[in-house]
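# Sequence and computational prediction follow.
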Amino acid sequence: MDITTNYLGLTLKHPLVPSPSPLSYNLDGIRRLEDAGAPAVVMFSLFEEEVQNTSLHFSHALDYGSASTAEASNFFPDIVDFVPPVDRYLQLVSDARSAIDVPLIASLNCTALGQWLEYAALIEAAGANALELNLYDLPTDPYTDGISLESRYVEIVEEVKKQVSIPVAVKLHPFFTSLPNVAHQLANQGGADGLVLFNRFYQPDIDIDAFEVTPGLRLSDSSELRLPLRWTAILYGKVPVDLAITTGIHTHVDLLKAMMVGANIGMVASELLKHGLGRINEIVEDLKIWMEAHEYESVQQMRGSMSYQHIGDPSHFVRANYIQTLGSFRFDPTGQDF
Ligand SMILES: Cc1cc2nc3c(=O)[nH]c(=O)nc-3n(C[C@H](O)[C@H](O)[C@H](O)COP(=O)(O)O)c2cc1C
């Protein structure tokens, strides 16, 4: 049985890839992921803010005290021990590339063009086999329209593609007026090689007694898979990119669904954080058992079988399903059964 898959021009031994998380924060963690059976490692993100803060830190250090005396330029603060996060990141990419055999995908997290762009090239030079570009952006300005936001995202991808020759996947959120159009622009205009569906916005709550915002990070469960499942089914075969699903993959059933709607890979973070790295092999073994029982010879064979690729106009299909689903709901008007 062939469970290999292709993603971003890389051949992976199976389709369950650990996505960025604290599990890849250091070299030991990255080695452990490979030892646990990861077919590739996607590293945690380097954030554009970290690049900016590093520049600010150095310019502050260089200016420090310069206004106080004529000789003050000698009185630099001690910056010897400061290792900027960007340098640490590049070092980790380089160390990890030498330490593991499976492909290494680095991650840059950004919202706008900036100095961080040059780090895309440095990440490639450090040895990354591909780059995941996370456009984690929550628009809050009522005067910025959707078209300008989308153009900005496409421009970012275009500029990153100019910096590197390794493949670039774009991780994005689902909240667009027309996601298929954004996907088409990112692929055909921006040059994205893959899309990672979706970023999960961490939604803070409110403590009504303390008048405080409570950030709290909640790990996912399988019910959250439905959103990326639907959109992957819609995009498969329509946009010339590889597709990765992230959010809600916890079992072989979730992974099978991801393959069936057309994903090249399924990514996993919460399940590994909750139940340990052993889950990689358990899920892959369960996948093989299921495939054997259902006489599948390869994951390629099932890829896209449940997508909307061959449905002429999926929007009619979606409407019909919606109407049918609402109509099929049965309830007890007395409220006794609930
Ligand atoms: C603690 C934590 C840290 C994360 N760090 C990153 C990160 O640095 N970059 C990124 O793109 N995603 C990051 N993610 C998001 C995950 O990669 C993943 O997309 C998300 O958790 C949904 O997948 P899941 O349902 O398997 O958890 C992080 C998630 C968690 C829980």
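Yes, it's here.

# what's the neighbour count on the residue in the stretch 51-200 of the chain that the ligand sits nearest to?
Distance from the ligand to each residue of the stretch 51-200 of the chain (C-beta to the nearest ligand atom) is smallest for residue 134, at 4.1 Å. All C-beta atoms are positioned from the backbone trio N, CA, C, and that covers glycine. For residue 134, the neighbour count with other C-beta atoms under 10 Å is 22.

# Can you report phi and psi for it?
phi -100, psi 110 (degrees, to the nearest 10).

# How about residue 104?
phi -120, psi 120.

# how about the helices of the stretch 1-150 of the chain, start to end?
For the stretch 1-150 of the chain, applying DSSP state H, counting those that start in this stretch gives helices covering 27-35, 48-63, 85-99, 118-126, 146-163.

# Just give me the lowest mean pLDDT stretch among those helices.
Lowest mean pLDDT of these: helix 48-63, a mean of 68.

# Enumerate the residues of the stretch 151-300 of the chain near the ligand.
Contact residues (C-beta under 6 Å from any ligand atom) of the stretch 151-300 of the chain with the ligand: 171, 200, 217, 219-220, 246-249, 268-270, 273.

# low-scoring stretches of the stretch 201-338 of the chain, by residue?
Flagging of the stretch 201-338 of the chain using pLDDT under 70 yields the residue ranges 337-338.

# In the stretch 101-250 of the chain, which residue sits closest to the ligand?
residue 220 (3.2 Å).

# Test my guess that that residue contacts residue 248.
Yes. Taking C-beta atoms under 8 Å as the definition, residue 220 is a contact partner of residue 248 at 5.1 Å.

# Okay, and the beta partners of the residue of the stretch 51-200 of the chain closest to the ligand?
residue 109, residue 171 (DSSP bridges).

# what's near enough to touch it?
20, 45, 107-110, 171, 196, 199 (C-beta atoms under 8 Å, 6 or more residues apart in numbering).

# Repeat the analysis, applying 10 Å as the threshold.
20, 45-48, 107-111, 169-173, 196, 199 (C-beta atoms under 10 Å, 6 or more residues apart in numbering).

# same deal with residue 298?
With C-beta under 10 Å, 6+ apart, residue 298 has these contacts: 1-5, 291.

# Also residue 254?
Residues in contact with residue 254 (C-beta under 10 Å, 6+ apart) are 16, 221-222, 224-225, 229, 245, 248, 266, 268, 271, 283.

# Most neighbours out of these, which is it?
residue 245 (31 neighbours).
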